[in-house]
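1. using only what follows, build the 3D model:
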Amino acid sequence: MRKHVIGRLLLICSFIIACGGDEVNTVTKSKATTGEKTEDVVAAVEIDFVAEDKAINQTLKDQNAAISGKELDDIMVYWVKSESKDIFTAWTFWAGTFEKNEGWKAVKNGWVGIFKLRAGEMTVEVLSLEIDSRAKNSVLHGKYKWGGQQGELLAAFQKKKDKWQIRAIDFTNGRFGKQIKKLQDPAYKNPQ
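-> Numbering: from 1, shown residues only. Presented below is the predicted three-dimensional model:
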């Protein structure tokens, strides 16, 4: 009889704790069941920043090859497809005049216009690359040469569906204001 009373008291106390309202914080954890055992599972994701660095550089190289070949549709597959003002190119390719094309369609149309004036091989020497701690955003600083133009650029990349895409490129290296902000506290820097 005494065992039943203690059991009921434990059951009532458990019920009170479980239904305690605002004063009780509950945490739900994923459970893994193997046979008779149930264990808490903690998923840790390790990021291979060197591989991410290579993937970002490859995206830039592929876009530059498309620019060199004036392959408009091939250029735009490397860009985030959004009409947000965060998607842009900024350059001075029109006789030194600053131009900023905002949104995916405007970026595409900007290349159409500039191809009427400029052609040649686009090359970029990467000077530095930063990646955030979640490997979702990156900023690259480099030197470019293209169609008689040369200078420094800043490029912002965003990872969408496990694929790095260009969000913005400022071919003026910020001469007309900070178009692309550097990452705060990047988890990865190349060079260190």
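2. what's the separation between residue 145 and residue 102?
-> Look at residue 145 and residue 102: by CB to CB, to the nearest Å, they are 25 Å apart. (Glycine included, C-beta is placed from N, CA and C.)
3. so for those two, which residue has more residues nearby?
-> Set side by side, residue 145 and residue 102 show more neighbours around residue 102, with 17 against 14, by other CB atoms under 10 Å.
4. that one against residue 85, yeah?
-> Yes: the criterion here is CB atoms under 8 Å, and residue 102 meets it with residue 85 at 4.6 Å.
5. between those two, which contacts overlap?
-> Counting by CB atoms under 8 Å, 6 or more residues apart in numbering, no residue touches both residue 102 and residue 85.
6. show me what counts as buried in the strand or helix carrying residue 60.
-> Assigned by DSSP states H and E, residue 60 belongs to helix 49-68. Within helix 49-68, the residues scored as buried using 16 or more other CB atoms under 10 Å are 49, 52-53, 55-57, 59-60, 63-64, 66-67.
7. can you list contacts of that helix?
-> Looking at what lies outside helix 49-68 - CB under 8 Å, 6+ apart - the contacts are 72, 74-75, 78-79, 111, 120-124, 126, 129, 131, 135, 138, 140, 142, 146, 155, 157, 164-166, 187-188, 190.
8. out of the residues you listed, which are inside strands?
-> Among the contacts of helix 49-68, the members falling in strands (DSSP state E) are 123-124, 126, 129, 131, 138, 140, 142, 146, 155, 157, 164-166, 188, 190.
9. separate out the buried members of those residues.
-> Buried residues within the ones in strands among the contacts of helix 49-68, counting neighbours by 16+ other CB under 10 Å: 124, 126, 129, 131, 138, 140, 142, 146, 155, 157, 164-166, 188, 190.
10. which one of the residues you listed is nearest to residue 172?
-> residue 155 (12.1 Å; CB to CB).
11. partner residues bridging that closest one?
-> Residue 155 has these beta-bridge partners by DSSP bridges: residue 140, residue 169.
12. contacting residues for it?
-> Shown in contact with residue 155 (CB under 8 Å, 6+ apart): 60, 139-140, 142, 166, 168-170, 180.
13. how near is residue 167 to residue 66?
-> Going from residue 167 to residue 66 by CB to CB gives 17 Å.
14. over to residue 101?
-> 17 Å.
15. ok, residue 153 next?
-> 16 Å.
16. what's the answer for residue 176, then?
-> The value you get for residue 176 to residue 66, if CB to CB is used, is 25 Å.
17. next one: residue 136
-> Distance, residue 136 to residue 66, by CB to CB: 24 Å.
18. chain neighbours aside, what residue packs nearest to residue 147?
-> Leaving aside its chain neighbours, residue 147 sits nearest to residue 118 (3.3 Å; criterion: CB to CB, 6 or more residues apart in numbering).
19. now the helix or strand encompassing residue 92: buried residues?
-> Following DSSP H and E, the helix or strand that holds residue 92 is strand 88-94. Of all the residues in strand 88-94, those buried under the rule 16+ other CB under 10 Å are 88-91, 93.
20. many thanks, have a good one.
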